[in-house]
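S.K.: give the three-dimensional model of this entry:
(chains A and B)
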Amino acid sequence: MTLEPLVDIQDLAFHYPDGRQALAGVSLRVYPGEKVAVVGPNGAGKSTLFLHLNGTLRPRGGGNGNGRVRVAGLEIDDRTLRAVRSRVGMVFQDPDDQLFSPTVFEDVAFGPLHMDLPEDEVRRRVARALAAVGMEGHQQQVPHHLSLGERKRVTLATVLAMDPTFLVLDEPSAGLDPRARRSLIDLLRHLPQTMLVASHDMRLVWDLCPRTVILDAGRLVADGPTTELLQDAELMERHGLECP
Amino acid sequence: MGHVLLDPYYQGSSLIHRLDARLKVLGTLAFVLAATSTPPAAWPAFVLLALLALTAIHLAGLPFGQVLKRSAVVLPFAGMVALSLPFHGVGRPLWSWQPFGLELSVTDEGLRLFVSVLAKSWLAVLVSGLLVATTTVPDLLAALRALRVPALLTSTIAFMLRYLHVLVEEATRMLTARQARSAGSGRTIAWRARVLGGMIGSLFVRSYERSERIYAAMLARGYAGPAGQARSLQPLAWQTRDSWAALAWCLALAGIALLAYTIS
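M.R.: Numbering: from 1, shown residues only, chains lettered A, B, ... in the order given. Here you go, the predicted structure:
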């Protein structure tokens, strides 16, 4: 492939202030349009890796790690932080952490407002993002009156409203009943954005992501087509996973 | 009780519900000011203020029984604070007695003050209850922002109301878990207190951890500190009926205040 990678991570290492090594030299390239799954046991470093993708954690600074992270050709530093964050839509695992505003409308408008967009553009984007996740008509509702599946959809809308080129999803299907899960997978499949998805839900990985990487103890131990990796029972077992 | 605290809004589409939230906040404030500045024992004025508030409550279509029950919550607190007033010594003594060699007497002037303080507190809570029962939380916050209440304060209120529910859910889950594991009763109060203390502590730790995750989520969407928070869309629109309602409310309050000062 001669394409520029959208995400380029090289030799990323990171340890927390308490000395725990979360990442021990991870290199990963994601190309535009790819949907890549990151699987691995709890504590493998998935969340730590994700927090590096929008500069919440950084390899340099604080001396907690080293390596390099580039998103859309931009090295993440103080100057590029805002530009990077408007390109990376990060969806956290617990929607209650992400929906912090009094109403659905205000929450979806939060990102566009902080991108200093004019008011009518903000309203347009909110309407478009909510329509994209099938939640139009819920603008004035308060988050705690929504079901978990609906809240997951709204969290997706909160980042889609920022028009990101890259989506980072942490356990998108956790806690959902089969129907809500099914419709979320369908929704994600039809989004055009490049995606990095952390999940324990191997059927979601199978249905959504053509490519999978396995992260274990802070290292990438496998990278390949999902159909091959997920059928390699011995490999999956070795890293505390199971075949779908 | 719990749900009243969490969700005081009463669904409706009355004129009062549809009035601009800014008007309702200022109107409530004006009423509270009028009630608290009414001279003590200006009884006709208190009755008129109560009638004004009750008329508004009737217009809003709120159930009287519930509204009165909710507003009565203030009486024990106000009563505690005002408890010493009947004894403050000015005026004609009504009852006297000497416990432990102390001279205690309830005076007519003191009693009047006591009842006036209770009446003022009750009226203030009555209209505040009307405000939160007819205004949604987002509108109320928008009104406070429009009235230049500091952003730090309005976002604190917003976060508190947003996460109160999450916190109550967590506490309920913990209570259920405790009940599931403490089948036999007959435990001591000390044991119960220790368990409760542990629960409160772990709720605090969970909330602290959650606040860090929320902050990360805010940063991820471009939040840049409280200075950057000033921008939000104004959902409120002032209508002609708001001007009329404001005028009527001000005239009523001014009339009652005038009466109160002429009779006292």
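S.K.: near chain B, which residues of chain A show up?
M.R.: Residues of chain A lying close to chain B (Cβ under 8 Å from any Cβ of the partner chain) are A:51, A:54, A:56, A:82, A:85-86, A:88, A:90, A:92, A:94, A:96-103, A:106, A:109-111, A:113-116, A:119, A:122-123, A:140, A:142-144, A:158-159, A:162. Using the backbone N, CA and C atoms, a C-beta is placed for each residue, glycine as well.
S.K.: now do the helices in the chain.
M.R.: Defaulting to chain A. A:46-52, A:81-87, A:95-98, A:104-114, A:119-132, A:148-160, A:178-189, A:202-208, A:226-229, A:233-238 (DSSP state H).
S.K.: you looked at the wrong chain, it should be chain B
M.R.: B:2-6, B:15-18, B:21-37, B:43-59, B:64-71, B:74-82, B:108-134, B:137-146, B:151-181, B:189-220, B:240-263.
S.K.: which helices and strands does the longest one pack with?
M.R.: Judged by 3 or more Cβ pairs under 8 Å, 6 or more residues apart in numbering or on different chains; DSSP states H and E, the packing partners of helix B:189-220 are strand A:88-91, helix A:95-98, helix B:151-181.
S.K.: nearest to chain B: which residue in chain A?
M.R.: Relative to chain B, the nearest point of chain A is residue A:114 (3.5 Å; Cβ to the nearest Cβ).
S.K.: contact residues of chain B facing chain A?
M.R.: B:136-138, B:141, B:158-159, B:161-163, B:165-166, B:210, B:213-214, B:216-224, B:228, B:231-233.
S.K.: who's in contact with residue B:159?
M.R.: Neighbouring residues of residue B:159 by Cβ atoms under 8 Å, 6 or more residues apart in numbering or on different chains: residue A:100.
S.K.: quick check, pLDDT for it.
M.R.: The confidence metric pLDDT takes the value 89 at residue B:159.
S.K.: try residue B:40
M.R.: Reported pLDDT for residue B:40: 85.
S.K.: OK, contacts around the nearest residue to it once chain neighbours are set aside?
M.R.: Closest residue in space to residue B:40, ignoring its immediate chain neighbours: residue B:116 at 3.8 Å, by Cβ to Cβ, 6 or more residues apart in numbering or on different chains. Each residue near residue B:116 by Cβ under 8 Å, 6+ apart is listed here: B:38, B:40-41, B:46.
S.K.: re the thing from before, most packed of the helices and strands packed on helix B:189-220?
M.R.: Highest mean neighbour count among these (mean count of other Cβ atoms under 10 Å in any protein chain shown): strand A:88-91, with a mean of 26.
S.K.: close enough to count as contact, residue A:4 and residue A:73?
M.R.: Yes. Residue A:4 sits in contact with residue A:73 when judged by Cβ atoms under 8 Å, with a separation of 6.5 Å.
S.K.: among the residues of chain B next to chain A, which ones are buried?
M.R.: Buried by 16 or more other Cβ atoms under 10 Å in any protein chain shown: B:136-138, B:141, B:158, B:161-163, B:165-166, B:210, B:213-214, B:216-223, B:232, out of these.
S.K.: any chance of the helices and strands packed on helix B:189-220 in TSV, with distance to residue B:55 too?
M.R.: As requested, the helices and strands packed on helix B:189-220 are exported to TSV (distance: least, Cβ to Cβ, whole Å):
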stretch	distance to residue B:55
strand A:88-91	50
helix A:95-98	41
helix B:151-181	29
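S.K.: returning to what we had before: distance of the residue nearest to residue B:40 relative to residue B:46?
M.R.: For residue B:116, the distance to residue B:46 equals 8 Å [Cβ to Cβ, to the nearest Å].
S.K.: same deal with residue B:126?
M.R.: Taking Cβ to Cβ, one finds residue B:126 at 12 Å from residue B:46.
S.K.: who's more crowded, these two?
M.R.: Legend: neighbour count by other Cβ atoms under 10 Å in any protein chain shown for residue B:126 and residue B:46, higher for residue B:126 (24 against 21).
S.K.: just give me the neighbour total for the closest residue to the more buried one other than its chain neighbours.
M.R.: Of all residues not flanking residue B:126 in the chain, residue B:71 sits nearest, at 4.5 Å (Cβ to Cβ, 6+ apart). By other Cβ under 10 Å, 21 other residues sit near residue B:71.
S.K.: isn't residue B:71 right up against residue B:121?
M.R.: No. Contact criterion Cβ under 8 Å: residue B:71 and residue B:121 do not qualify, at 9.5 Å.
S.K.: quick one on the thing from earlier: intersection of neighbour lists for residue B:116 and residue B:46?
M.R.: Residues touching both residue B:116 and residue B:46 (Cβ under 8 Å, 6+ apart): residue B:38.
S.K.: isn't residue A:54 up against residue A:168?
M.R.: Yes. Residue A:54 is in contact with residue A:168 according to Cβ under 8 Å; the separation is 7.4 Å.
S.K.: got any residues that touch both of the two?
M.R.: By Cβ under 8 Å, 6+ apart, residue A:54 and residue A:168 have these common neighbours: A:88, A:90.
S.K.: how far away is residue A:242 from residue A:185?
M.R.: 19 Å.
S.K.: between these two, which one's more packed in?
M.R.: Neighbour count, other Cβ under 10 Å: between residue A:242 and residue A:185, residue A:185 has more, with 19 against 10.
S.K.: and that one, how far from residue B:167?
M.R.: In terms of Cβ to Cβ, residue A:185 sits 32 Å off from residue B:167.
S.K.: pipe the helices of chain A into JSON lines and attach mean pLDDT and distance to residue B:9 per row.
M.R.: JSON lines is the format used below for the helices of chain A (pLDDT from 0 to 100; distance: least, Cβ to Cβ, whole Å):
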{"stretch": "helix A:46-52", "mean pLDDT": "91", "distance to residue B:9": "37"}
{"stretch": "helix A:81-87", "mean pLDDT": "89", "distance to residue B:9": "35"}
{"stretch": "helix A:95-98", "mean pLDDT": "92", "distance to residue B:9": "21"}
{"stretch": "helix A:104-114", "mean pLDDT": "92", "distance to residue B:9": "16"}
{"stretch": "helix A:119-132", "mean pLDDT": "94", "distance to residue B:9": "23"}
{"stretch": "helix A:148-160", "mean pLDDT": "94", "distance to residue B:9": "20"}
{"stretch": "helix A:178-189", "mean pLDDT": "92", "distance to residue B:9": "28"}
{"stretch": "helix A:202-208", "mean pLDDT": "93", "distance to residue B:9": "38"}
{"stretch": "helix A:226-229", "mean pLDDT": "92", "distance to residue B:9": "48"}
{"stretch": "helix A:233-238", "mean pLDDT": "90", "distance to residue B:9": "51"}
